[in-house]
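# Just to be clear, the model below is a prediction. Sequence and coordinates:
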Amino acid sequence: MTQITPHLWRHTTYNQYIDLTFNQYLAGVSEPVLIHTGAESDAPSLLKALEGRKVSSIFVSHFESDECGALSTVLSIYPAAKVIAGEVTARQITGFGIKADVTIARDGEVLTLGDLELEMIAYPSEMHLWDGLLAYERKNKIFFSSDLMIRYGHSEEERHKSNWKVEVEAISPIQVADEARRGALKERLLALSVDLVAPGHGPILNV
């Protein structure tokens, strides 16, 4: 894992066929939270990177293979880890027979997990615009953007410079099809004080 800040580490794999990186994060020190598991094919690399590290919780923003495809495998190594997800994602985890201790988080809820304060933000997400959740870490001003703020390519740079307003305004109908919900999401995100974006795909963004 590559250390990004004193409270954040990133694991990355690259798919050359679609020219896209896939990121998973370990956030926090006292009660570390794994942000996404990657697909099942990512599990060996991720577990090797996590070897010797503690994982208290696993946050899944929405039910899609690159967010939680390796969930069962990761839980086989970290069986005490609690899974944090929205209601729809929790239902799918159960429906697919994944054995997990799932905590359903709600829009606007703030979860205190050790040295982290994760604010939950409703996210009309892929697939099928099922409701998901985004996470904003208040203490360190880190926004985990899932599929909203991505860059294609295989960059060796750990960070790119950007601008928070530019990133938020670039959220497109392809990502959030409902115009009203997209507008409400943008308005809410612009009210956040963000220093760093940790995307699901692409390099870290300093904003």
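Happy to help now that I have it. Numbers count the residues shown, from 1 in each chain.

# that's a helix at residue 42, yeah?
Yes. Going by DSSP: H, G, I helix; E, B strand; the rest coil, the assignment for residue 42 places it inside a helix.

# packing partners for the lowest-mean-pLDDT helix or strand in the chain?
None of the helices or strands of the chain scores lower by mean pLDDT, DSSP states H and E than strand 159-161, at a mean of 89. Helices and strands touching strand 159-161, by 3 or more C-beta pairs under 8 Å, 6 or more residues apart in numbering; DSSP states H and E, are strand 204-206. C-beta coordinates here come from the backbone N, C-alpha and C atoms, glycine included.

# Next secondary structure element downstream of the helix ranked longest in the chain?
Assignment by DSSP state H gives helix 179-190 as the longest helix of the chain. Using DSSP states H and E, the helix or strand that follows helix 179-190 in sequence is strand 196-199.

# Could I get the CA-only coordinates of that following strand as CSV?
Extracted as CSV, the C-alpha positions of strand 196-199 are listed here (Å, rounded to 0.1, in the frame of the first residue of the first chain):
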residue,chain,number,x,y,z
LEU,A,196,-8.2,15.8,-1.1
VAL,A,197,-10.3,13.6,-3.3
ALA,A,198,-9.7,9.8,-3.1
PRO,A,199,-11.4,8.5,-6.3
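
# Sheet-wise, list the partners of that strand with their directions.
Sheet pairing of strand 196-199 (DSSP bridges) gives strand 142-146 (parallel), strand 204-206 (antiparallel).

# contacting residues around the shortest one?
Looking back up the chat, that one is strand 204-206. 4, 10, 149, 158-162, 167, 195-199 (C-beta atoms under 8 Å, 6 or more residues apart in numbering).

# repeat that for 6 Å
Here strand 204-206 makes contact (C-beta atoms under 6 Å, 6 or more residues apart in numbering) with 4, 158, 159, 160, 161, 162, 197.

# How about the contacts made by the second one?
Residues counted as contacts of residue 158 (C-beta under 6 Å, 6+ apart) are residue 204.

# From residue 134, how far off is it?
22 Å (C-beta to C-beta, to the nearest Å).

# Then the first one?
According to C-beta to C-beta, residue 4 and residue 134 sit 18 Å apart.

# Neighbour count for these two, which is higher?
The neighbour comparison of residue 4 against residue 134 (other C-beta atoms under 10 Å) goes to residue 134, with 25 against 18.

# And the helices in the chain?
43-50, 65-68, 71-77, 87-95, 164-169, 179-190.

# Quick one: those helices as a markdown table, columns for mean neighbour count too.
Below are the helices of the chain laid out as a markdown table (neighbours: other C-beta atoms under 10 Å):
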| stretch | mean neighbour count |
| --- | --- |
| helix 43-50 | 17 |
| helix 65-68 | 23 |
| helix 71-77 | 19 |
| helix 87-95 | 17 |
| helix 164-169 | 16 |
| helix 179-190 | 14 |
